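Novice: Sequence below, structure please.
(2 chains)
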Amino acid sequence: MKLNEIIKLVEGTILTPELNFNINIHGGYGADLMSDVLAASQPNAALLTGLTNPQVVRTAQMADFRAIIFVRGKQPQRETLELANQEKMPLITSPLGMFELCGRLHKAGLPSFELNASE
Amino acid sequence: MPPNRIRTEQEVYGRHGRPITDQDAHEINRVEELSYDLKIHEVMSKNLHTASPEISLSDVLKILRINRISGVPVVEDDKLVGVISIEDIVRALRNNDLTETVAQYMTRELVTVASYDSIVKAMQTFTERHVGRLPVVNEEKKLVGMITKGDITRGILVALQKDYKEEEVRRYRASHLFEDIVSDRTTLVLRYNIKSQNFTHGGTASSHIKRALLRLGADAQIARRCGIAVYEAEMNLIIHTTHGGILKLEVEPHRITMSTTDDGPGIPDVEQVLQPGYSTATDQVREMGFGAGMGLVNIKRCVDSMDLESTVGKGTKLVMRIHIPTENLSGRKEE
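Specialist: Okay, here's the model as predicted:
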């Protein structure tokens, strides 16, 4: 699914306008625990999270995420924005809550890229 | 870089309804970036052919033909007074007027661009004024060149080519490191000093390591595994050590070794810290999304072998190894 389509679905606002939003997102992952993100994600997904510190960008970069969507209208810190621009990680903020966000994207056909315990 | 501006719907949602591939998007983005980065003086033709207002149109035609150009600026006493182009000459031809002077047919309405502006400014001016070429002036309003759409296309192509070559050369040099340097055992060692409690920059070293591995030709999956393991280890140095520590990456053709060493406080019970969920992290660390007691467990999952040694009061050493399938690092797989 195109990131642009996702932005429409989640009523998102682009926070890093100089980055590329015409990219393909293969799945979604929602979490606030970065260790979980590192442990159980698959590459090329969008990360939905309520955390806004620079570690979110680093985590996303290490685990090969393609974009970060902040839930409930959260605005990242300045350092987070700077790092995202530097590392070319697109940031979006959505007014929707985590559950609603995951629900909408899943319903629209975006698969979960979070590994289950058995995988 | 382009200034912070809101993208138009067309820019965000694609052009003319045509689906855009990832590759397209990357290139469009780079071209867009270049149109802000490249300055007019970098792409304009400085090799100036000019005409004076008194010469005949048939003389101008000769200048245009010999130099294979479609228009020239008209200069009188070192001052730009107009532009004479093939369109003006066609108008004169219709009147059978080629013996007339440039002054009679030149375009006097002067639209110029500044040499220090970005090429996007020239592109806007071409569209707004429906012209194909523009005289370029410097800070003192003196004519220094001409710019056409062709110059812009050429300038962008040259810049794209340069980008491509630079990254290729970097990758080529890095990936041939192990082939070009002959020894019985070649190891590339990278060291990073990690400061305790420096959360804002946490992950910088890991980010450098991941990029280095990709440049060296490691495939995406191996780079990701190393990246995740070394990032958890880097965060551990930041969160738990007294004085920070050293993060080291050793790359050999057949394996990657990552290690951290610190001088304290040390771990009282190594078996205990390897239990999933065991954590001594503060609330501050937990608020950042770490400290769930999963770090070492994650590392273990990402690497082929992990060794943890610690002495309370002395320090901790963590060694992580990933074996590289033959031909992965030195003979990079083409994707």
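Novice: count of neighbours near residue B:131?
Specialist: Neighbouring residues of residue B:131 were enumerated by other CB atoms under 10 Å in any protein chain shown; the total is 18. Bear in mind the C-beta positions are built from the backbone N, C-alpha and C, glycine included.
Novice: Let me fix that, I meant to ask about residue B:137.
Specialist: 19.
Novice: Across the sheet, point out what pairs with it.
Specialist: According to DSSP bridges, residue B:114, residue B:143 are recorded as the beta-bridge partners of residue B:137.
Novice: next one: the one 10 residues further on
Specialist: Following DSSP bridges, residue B:147 is listed with bridge partners residue B:134.
Novice: how much space between it and chain A?
Specialist: The gap separating residue B:147 from chain A is 25 Å, by CB to the nearest CB, to the nearest Å.
Novice: That residue: how many residues sit nearby?
Specialist: By the criterion of other CB under 10 Å, residue B:147 has 25 neighbours.
Novice: Would you mind measuring from residue A:107 to residue A:27?
Specialist: In this view, residue A:107 and residue A:27 are 14 Å apart by CB to CB, to the nearest Å.
Novice: Chain B contacts on chain A?
Specialist: Where chain A comes near chain B, counting by CB under 8 Å from any CB of the partner chain, the residues are A:4, A:7, A:14, A:17-18, A:20-24, A:32-39, A:43, A:49, A:51, A:53-56, A:58-59, A:61-64, A:79, A:87.
Novice: if you set the cut-off to 7 Å instead, what comes out?
Specialist: Applying CB under 7 Å from any CB of the partner chain, one finds that chain A approaches chain B through A:4, A:17-18, A:20-24, A:32-36, A:38-39, A:43, A:51, A:53-55, A:58, A:61-64, A:79.
Novice: Smallest gap between the stretch 101-250 of chain B and chain A, at which residue?
Specialist: In the stretch 101-250 of chain B, no residue comes nearer to chain A than residue B:203, which is 3.2 Å away by CB to the nearest CB.
Novice: wouldn't that residue be in contact with residue B:230 here?
Specialist: No - taking CB atoms under 7 Å as the contact criterion, residue B:203 and residue B:230 are not neighbours in contact, 9.4 Å apart.
Novice: Now for the closest residue to residue B:249 other than its chain neighbours, how many residues are close by?
Specialist: Using CB to CB, 6 or more residues apart in numbering or on different chains and skipping residues adjacent in sequence, the residue nearest residue B:249 is residue B:190, 4.4 Å away. Under the neighbour criterion other CB under 10 Å, residue B:190 is assigned a count of 15.
Novice: Please name every helix or strand in contact with the worst-scoring helix or strand of chain A on mean pLDDT.
Specialist: When the helices and strands of chain A are compared on mean pLDDT, DSSP states H and E, helix A:34-40 comes out lowest with a mean of 90. If contacts are counted by 3 or more CB pairs under 7 Å, 6 or more residues apart in numbering or on different chains; DSSP states H and E, helix A:34-40 sits against helix A:54-62, helix B:295-302.
Novice: Next SSE downstream of that helix?
Specialist: Proceeding N to C from helix A:34-40, the next assigned helix or strand is strand A:45-49, under DSSP states H and E.
Novice: residues making contact with that next one?
Specialist: A:6, A:25-32, A:37, A:56, A:60, A:65-71, A:98, A:101-102, A:113 (CB atoms under 7 Å, 6 or more residues apart in numbering or on different chains).
Novice: So which of those residues are in helices?
Specialist: A:6, A:37, A:56, A:60, A:98, A:101, A:102 (DSSP state H).
Novice: Just the closest of the residues you listed to residue B:42, please.
Specialist: Minimum separation from residue B:42 among these (CB to CB) is found for residue A:60, which lies at 35.2 Å.
Novice: Surely the closest one is in contact with residue A:89?
Specialist: Yes - counting by CB under 7 Å, residue A:60 touches residue A:89, with 5.7 Å between them.
Novice: Overlap of the contact sets of these two?
Specialist: By CB under 7 Å, 6+ apart, residue A:60 and residue A:89 have these common neighbours: residue A:68.
Novice: Can you give me the buried ones in stretch B:217-236?
Specialist: Residues B:217-219, B:222-236 are the ones in stretch B:217-236 that count as buried (16 or more other CB atoms under 10 Å in any protein chain shown).
Novice: for stretch B:271-288, same thing?
Specialist: In terms of neighbour count (16+ other CB under 10 Å), stretch B:271-288 has its buried residues at B:273, B:279, B:281, B:285, B:288.
Novice: May I see those residues organised as a markdown table, with secondary structure, pLDDT and distance to chain A added?
Specialist: As requested, these are arranged in a markdown table below (DSSP: H, G, I helix; E, B strand; the rest coil; pLDDT from 0 to 100; distance: CB to the nearest CB, whole Å):
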| residue | secondary structure | pLDDT | distance to chain A |
| --- | --- | --- | --- |
| B:273 | helix | 90 | 14 |
| B:279 | coil | 90 | 10 |
| B:281 | coil | 87 | 10 |
| B:285 | helix | 88 | 10 |
| B:288 | coil | 85 | 5 |
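Novice: Taking the residues you listed, tell me the two that lie furthest apart.
Specialist: B:273 and B:288 (19.2 Å).
Novice: so of the buried residues of stretch B:217-236, which ones are in helices?
Specialist: Counting by DSSP H, the members of those that fall within helices are B:222-236.
Novice: Name the nearest of those relative to residue B:197.
Specialist: Taking CB to CB as the measure, residue B:197 lies nearest residue B:235 of those, at 11.4 Å.
Novice: ok, that closest one - contacts?
Specialist: Listed by CB under 7 Å, 6+ apart, the contact partners of residue B:235 are B:202, B:290, B:295.
Novice: switch the cut-off to 8 Å
Specialist: A:55, B:202, B:203, B:290, B:295 (CB atoms under 8 Å, 6 or more residues apart in numbering or on different chains).
Novice: and the closest residue to the last one other than its chain neighbours, what pLDDT?
Specialist: What it means is residue B:295. The shortest distance from residue B:295 to any residue that is not its chain neighbour, by CB to CB, 6+ apart, is 4.4 Å, and that residue is residue B:232. Listed pLDDT for residue B:232 reads 95.
Novice: and residue B:41, how many neighbours?
Specialist: The tally of other residues near residue B:41 (other CB under 10 Å) stands at 17.
Novice: neighbour-wise, which of residue A:107 and residue A:27 wins?
Specialist: It is residue A:27, of residue A:107 and residue A:27, that has more neighbours when counted by other CB under 10 Å, with 20 against 9.
Novice: In contact with the residue nearest to the more buried one when sequence neighbours are not counted, which residues?
Specialist: Nearest-residue entry for residue A:27: residue A:113, 3.1 Å, with adjacent residues in sequence omitted and distances by CB to CB, 6+ apart. When the contact criterion is CB under 8 Å, 6+ apart, the partners of residue A:113 are A:26, A:27, A:28, A:29, A:41, A:42, A:44, A:45.
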